[in-house]
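Novice: quick one: sequence and predicted model below, then my questions.
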Amino acid sequence: MRASSEQQATTVLQTPRLWLRRFSAADSAAFAAMNADAEVMAHFPAVLNREQSDALLARIDAHWQREGFGLCALECRHSGALLGFCGLLKVAQALPCAPAVEIGWRLVRSAWGQGLAYEAAHAVLSWAFTELALTELVSFTSVSNQRSQRLMQRLGMQRDSGGDFLHPALPAEHALAPHVLYRLSRAQWLSCGGTSG
Ligand SMILES: CC(C)(COP(=O)(O)OP(=O)(O)OC[C@H]1O[C@@H](n2cnc3c(N)ncnc32)[C@H](O)[C@@H]1OP(=O)(O)O)[C@@H](O)C(=O)NCCC(=O)NCCS
């Protein structure tokens, strides 16, 4: 599918199968459907209702305006469907790995298992380490989220077990509280063949 002029204006990155672009109000229903899916949200404390999902979209927009980077909507270049998000987020100050910039992702269930999250994240690493000139990225997830950890490993991120933490937003005994921390420096990314292309 060819990019419209509006799409070109909001596109941040492109990959063979995806547009990575700023979210718009037109995404809110599809975004809410993803956030209401119990399987997608299995490693979060709860699914989001429409109001919570819209509030998250507003926070993503505010982050972009404040920092000049953020989470990107993933749009299928073939169908135009919203497939999720991938991008960069300043780590909340309450987390022990702050200050840092995190790479994060969430895809609709039907888009898992096709290498699409890897494809998007690979482009985001290049954006972070070249255009944005960041020196290090982190990523973290609950111990139980093996899919997300496999993606971190495929991207060449290194486990920093000394940085593992209990998420402060959850009671320490909550099953999702224990988190693993991964890091990737610009130097490590370059040494693994990272390029701006
Ligand atoms: C985490 C998440 C993004 C991973 O998605 P994913 O599709 O498993 O990740 P990838 O894009 O790396 O795809 C890898 C899978 O695609 C397969 N694949 C198929 N075609 C491929 C291709 N062309 N290139 C690479 N992998 C391909 C791989 O074999 C692998 O399959 P496997 O899971 O059976 O081993 C997804 O599970 C998700 O959105 N989860 C819910 C939200 C979440 O937990 N987010 C993280 C919170 S910290």
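Specialist: Cool, the structure landed. Computed from a predicted structure; not experimentally measured.
Novice: so what's residue 183 up against?
Specialist: Listed by CB atoms under 8 Å, 6 or more residues apart in numbering, the contact partners of residue 183 are 136, 137, 138, 139, 157, 158, 160, 163. Every residue, glycine included, has its C-beta placed from N, CA and C.
Novice: residue 136 touches residue 182, doesn't it?
Specialist: No: the criterion here is CB atoms under 8 Å, and residue 136 misses it with residue 182 at 11.0 Å.
Novice: now, of the contacts of residue 183, which are buried?
Specialist: Among the contacts of residue 183, the ones that count as buried by 16 or more other CB atoms under 10 Å are 137, 138, 139, 157, 163.
Novice: state the distance from the fourth one to the ligand.
Specialist: By that I understand residue 157. Counting by CB to the nearest ligand atom, to the nearest Å, the separation of residue 157 from the ligand is 12 Å.
Novice: what's opposite the nearest residue to residue 60 once chain neighbours are set aside in the beta bridge?
Specialist: Distances taken as CB to CB, 6 or more residues apart in numbering place residue 71 nearest to residue 60, at 5.0 Å, with adjacent residues excluded. Here residue 71 sits in beta bridges with residue 87, going by DSSP bridges.
Novice: I'd say residue 71 and residue 103 touch.
Specialist: No: applying CB under 8 Å as the test, residue 71 and residue 103 come out as separate, 9.8 Å apart.
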